[in-house]
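> Sequence and predicted model, in that order:
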Amino acid sequence: MIPLIAMIAAFYGPEPAGRVAEIADFGGFAGMVLLAEGGKVSLEKGFGTKLPQRVVRARNPSDFLPGDNWRWASVTKQITATMAMQDVAAGRLDLDAPITRYLPDFKGPTGKRITVGMVLGHTSGLPDSNAGDAAAFRPGATVLPDAVCAGAVRDQPGASFNYDNCDYIIAGRILEAVNRKPYAQLLAERITKPLGMTSVRIAGPHVAGLGEAPVNLATYGAAGAITGSIRDLWRFDQALINGKLLPATARAKMWEGRPQYGFAALGQWSFEVKLSGCNNAQRIIERRGAIGGVQVRNYMLPDRNIVLIAMTNRDDIEFGELWQGVGLGYNLLSAAACKGPEK
């Protein structure tokens, strides 16, 4: 009798795409996975079903499709940071300038001491936008995030790292002020139209899909309101890797992971990790997002031109932390870039 592991390997194949599909399928993943190697997509596949209780025919094992529209959630911040660094490279924006240079009407008590770099790097000390059960993001909210973000601060500027949506809501306002254009227009002109990302939209007031909690996505703005397909997110990643969106110096600044803040960079995380099956540590650019039941993991290995993206509408799927060397995210990346986890 042929061992089960051998049968699985024979079905999926020994190449990275086959290994990633094997990990996703037999790890109980539900959603879409995309793998690109050397600038070409080698895997774009759905796993599981959109509704956990739905039974589907064997000929159609997954109803997740490549064209599905997903909440990109906080992956939006990665795109906002990229557009901000475009302005930095063009001399329109100064990372060391106070945000009140660009937003003179900002009412926050520490606005004159918060720099643009602090906002992009989550060290501004701005208020917690999720205080009060994230009331500003619920459908029908009467208090908008702009007012929340100008409230009582949680810390002094530059004193600590506090991940929060307020930083990127304010970053979006800065982009609009500097360029005198709405965020959606900047996104279209600089990112989506040049790259052919036709599925990408800024979400309207109320968006809820299968297995997703209703939220007012529009209020997340530059912090989390973008939606689109998994393939279009890869188009963004690939353009970033290929140097089409930023000069090398600006990209290096954006990807500068800070050890004292858990290797957080500007709008993403940048670090090295030893993956299973590789002899050397690999440089990873990671951006994750989660809103109302949807989870996104966006991984880039820029030195090897590898992109791995996973999107799910299950908030109970545990991706784990790459630096711990265990978990679904670690196993998927190991299968994509190395020989994969031991069976």
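Sure thing, it's come through.
> Let me see the ranges of the helices in the stretch 151-300 of the chain.
In the stretch 151-300 of the chain, the segments counted as helices under DSSP state H, counting those that start in this stretch are 165-179, 183-187, 193-195, 230-241, 248-254.
> how near is residue 314 to residue 64?
11 Å (Cβ to Cβ, to the nearest Å). Yep, even glycine has a C-beta here, placed from its N, CA and C like the rest.
> quick one on the thing from earlier: now render the helices of the stretch 151-300 of the chain as CSV, adding mean pLDDT.
Below are the helices of the stretch 151-300 of the chain laid out as CSV (pLDDT from 0 to 100):
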stretch, mean pLDDT
helix 165-179, 97
helix 183-187, 98
helix 193-195, 98
helix 230-241, 98
helix 248-254, 98
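> looking at those, which is closest to residue 18?
helix 230-241 (18.6 Å; Cβ to Cβ).
> Where does pLDDT dip in the chain?
In the predicted model, the chain carries pLDDT under 70 at residues 1-13, 53-60, 131-136, 138-144, 204-214, 342-343.
> what sits against the residue nearest to the spatial centre of it?
For the chain, the residue nearest the mean C-alpha position is residue 75 (2.4 Å; Cα atoms, centre = their mean). Residue 75 is in contact with 226, 233, 287, 288, 289, 296, 298, counting by Cβ atoms under 8 Å, 6 or more residues apart in numbering.
> Can you tell me who the third one pairs with across the strands?
Which is residue 287. As for beta bridges, residue 287 partners with residue 298 under DSSP bridges.
> wait, doesn't it sit right on residue 74?
Yes - the pair residue 287 / residue 74 is scored as a contact, 7.3 Å apart, by Cβ atoms under 8 Å.
> what does the domain assignment say about the chain?
What automatic domain parsing lists as the domains of the chain is 4-66+268-337, 75-229.
> Tell me which of the ones you listed sits nearest to residue 261.
Of all the domains of the chain, domain 75-229 comes closest under Cβ to Cβ, at 4.1 Å.
> ok, back up a step: between residue 314 and residue 64, what contacts are shared?
Counting by Cβ under 8 Å, 6+ apart, the residues touching both residue 314 and residue 64 are 30, 31.
> residue ranges for the strands of the stretch 101-250 of the chain, please.
201-202, 226-228 (DSSP state E, counting those that start in this stretch).
> which parts of the longest one are buried?
By 16 or more other Cβ atoms under 10 Å, the buried positions in strand 226-228 come out as 226, 227, 228.
> how far away is the residue nearest to residue 179 when sequence neighbours are not counted from residue 176?
Spatial nearest neighbour of residue 179, excluding adjacent residues (Cβ to Cβ, 6 or more residues apart in numbering): residue 186 at 5.9 Å. To residue 176, residue 186 is 7 Å away according to Cβ to Cβ.
> Same check on residue 273?
36 Å.
> Identify the residues contacting the residue nearest to residue 179.
83, 175, 176, 179.
> Pull the number of nearby residues for the last one.
As a burial measure, residue 179 scores 19 neighbours (other Cβ atoms under 10 Å).
> so it makes contact with residue 87?
Yes - checked against Cβ under 8 Å, the pair residue 179 and residue 87 is within contact range at 7.2 Å.
> about what we covered before: got a markdown table for the buried residues of strand 226-228, with distance to residue 31 too?
Below are those laid out as a markdown table (distance: Cβ to Cβ, whole Å):
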| residue | distance to residue 31 |
| --- | --- |
| 226 | 18 |
| 227 | 15 |
| 228 | 15 |
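> that older thread, quick one: the nearest residue to the residue nearest to the centre of the chain once chain neighbours are set aside and residue 46, what's the gap?
Among residues not flanking residue 75 along the chain, residue 289 sits closest, at 4.4 Å (Cβ to Cβ, 6+ apart). Counting by Cβ to Cβ, the separation of residue 289 from residue 46 is 19 Å.
> Next: residue 29.
10 Å.
> what does residue 260 give?
The value you get for residue 260 to residue 46, if Cβ to Cβ is used, is 40 Å.
> same deal with residue 252?
From residue 252 over to residue 46 (counting by Cβ to Cβ), the distance is 36 Å.
> More neighbours: those two, which one.
Neighbour comparison, residue 252 and residue 46: the larger count goes to residue 46, with 22 against 13 (by other Cβ under 10 Å).
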